[in-house]
Structure formats: C-alpha cells, structure tokens
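Student: The sequence and its predicted three-dimensional model are supplied below.
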Amino acid sequence: MAQGNDMTDMKLYHLPGACSRVTLTALEQCGADYTDEIVLLMRGAQHSPQYRAINPKGKIPCLIVDGQALAENAAILSFLNMEYPAAALFPQPGDALEAARQTADLFALSASFHPSVRAMMMPVRWTTGNPEEVREKGRQLVHPLLQQLETRLATQPWWYGGEWSIIDSYAHWNYTTAQKGQFDLSPYPNIAQHQKRVEAHPAYQRALAREQAAVDAIGGLPDVA
C-alpha cells in the first residue's frame, strides 16, 4: 500500500458492486485518506437534485477532490496514478509510446468492454424492443474481448506481466459482471485463475471491506424490484 500525499479532502460517491469498485480499489492501493458515500442507483438517487448538484452527469463513480468533482473511472484512475506514483497503479512506462498504450488499454476497458457488459446486464436501457436481442449483441461483443484476455493470460499472471495493475481490477470487474449477465466464463481457464489472483489482492480485499462498511452504515441496501 502506497503512502498518501498531501491532498486534504477526497470523497468517493459509489455503489457496492458497481464499476466504482475499481476506483475504490485504486484508492485503497494508493493508501489515500478519503471518505465515501453510497449513491442508491436502484432508487434513482443519481437523478436527485442533491446529487446532480455534485455531479451533473448523474453517474458513479464521482470523486470529489478539494471540492471539485471528477467523474468517469478512466479519468479518476489516471488522476490517482499521477497523484500517487508510488502506488504503481500502472507500470512505470519506458517512453511516451508505452504510456499511450497504457492509456489505450484503459480506454478499451472503459469504452469498449464496459458498454458491452452493460448491454448484457441492463439491455432495457438500450432498446424499447426485445431486450434479449441487445443482450445477445453484448455477448457477441464481449466474446472476442475475453478471447484476447485469455490469450494474454496464457503466458503471464497479470495484464502487464509479472505485476498487478489497476487494469487487472478493471478487467476483473468487466468479466465478472458479464458472468452476472449470463455470460459463460467456463471456456476461459486462464481468466478463472486471474479472477482468483485479483480477488486475493490486498487492495481488492480492502475495497470489499470498505463497501461492506458503507452498506452497514446505511442499514443495508434496498432490494431491487
């Protein structure tokens, strides 16, 4: 766990199990001093005037840094990587091209993999017609992405080789969420082993504990109708 820097005030708005878990894991890896608050998406809290005043996009995660809002996982992870270099959220790039490739990996997970997973999990947000057609399209888009990851992990334990990075946590969130959306992960044994490694990582464990503490503080999450 890296040492925190001199930043005085950070607060994360999140929902346990959502993609904000990736940002939560990054904050824990950084050893950052922060507070957090659950946004109950299932009750539409993201559309409330109170939350819209904080984040006009009405999404999570949202990280407040000294009173200023920063949204989108990719942006928050990039920010934390710059603020906490000792946390090694990404490997130290050897040159500008390598740094750009790391950014491309982050964008691929957030802009390609993530929306395809969402299509499987919440197809009704993408159509007023048959949601199963959208879910099937999501499966078709996710399949080659998982094939690429499976091949990558055939010769190395982590995305970038021998060391964990926050990209591993983002990939993990995507494929485990795809699994919740009825995507079969059994043909991907390397990904199955990667899942075990990610879930054993100390920052991931601390993120889960932080989520549970936040749930306990509000007396539990409401049931989804």
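Tutor: Arrived safely.

Student: Could I get the full set of strands for the protein?
Tutor: 10-14, 35-38, 62-65, 68-71 (DSSP state E).

Student: how does this structure divide into domains?
Tutor: Following automatic domain parsing, the chain resolves into domains at 10-88+203-217, 96-201.

Student: from the chain's centre, how far out does the worst-scoring helix or strand of the chain on mean pLDDT sit?
Tutor: In the chain, the helix or strand scored least confidently by mean pLDDT, DSSP states H and E is helix 114-121, which has a mean of 83. Put simply, helix 114-121 sits 13 Å off its chain's centre (C-alpha atoms, centre = their mean, to the nearest Å).

Student: mind starting the numbering at 51 from now?
Tutor: Let's use 51 as the start, then, which means that last one is helix 164-171.

Student: which residues make contact with it from outside it?
Tutor: The contact list for helix 164-171 (C-beta atoms under 8 Å, 6 or more residues apart in numbering) reads 69, 123, 175-176, 184-185, 187-189, 191-192, 195, 224, 227-228, 230-233. Every residue, glycine included, has its C-beta placed from N, CA and C.

Student: same thing with stretch 175-195?
Tutor: So stretch 175-195 is in contact with 162-163, 166-170, 173-174, 228, 231-233, going by C-beta under 8 Å, 6+ apart.

Student: how about the residues you listed, which pair is most distant?
Tutor: The span of the contacts of stretch 175-195, defined through C-beta to C-beta, is set by 162 and 174 at 21.2 Å.

Student: In terms of neighbours, single out the busier of those two.
Tutor: Neighbours per residue (other C-beta atoms under 10 Å) separate residue 162 from residue 174, with residue 162 holding more: 14 against 10.

Student: list the contacts for the more buried one?
Tutor: Per C-beta under 8 Å, 6+ apart, neighbours of residue 162: 191, 195.

Student: do residue 268 as well
Tutor: residue 88.

Student: likewise residue 67?
Tutor: Counting by C-beta under 8 Å, 6+ apart, residue 67 has contacts residue 261.

Student: Residue 60 versus the closest residue to residue 59 other than its chain neighbours, what's the distance?
Tutor: Spatial nearest neighbour of residue 59, chain neighbours left out: residue 116 (5.2 Å); criterion: C-beta to C-beta, 6 or more residues apart in numbering. To residue 60, residue 116 is 8 Å away according to C-beta to C-beta, to the nearest Å.
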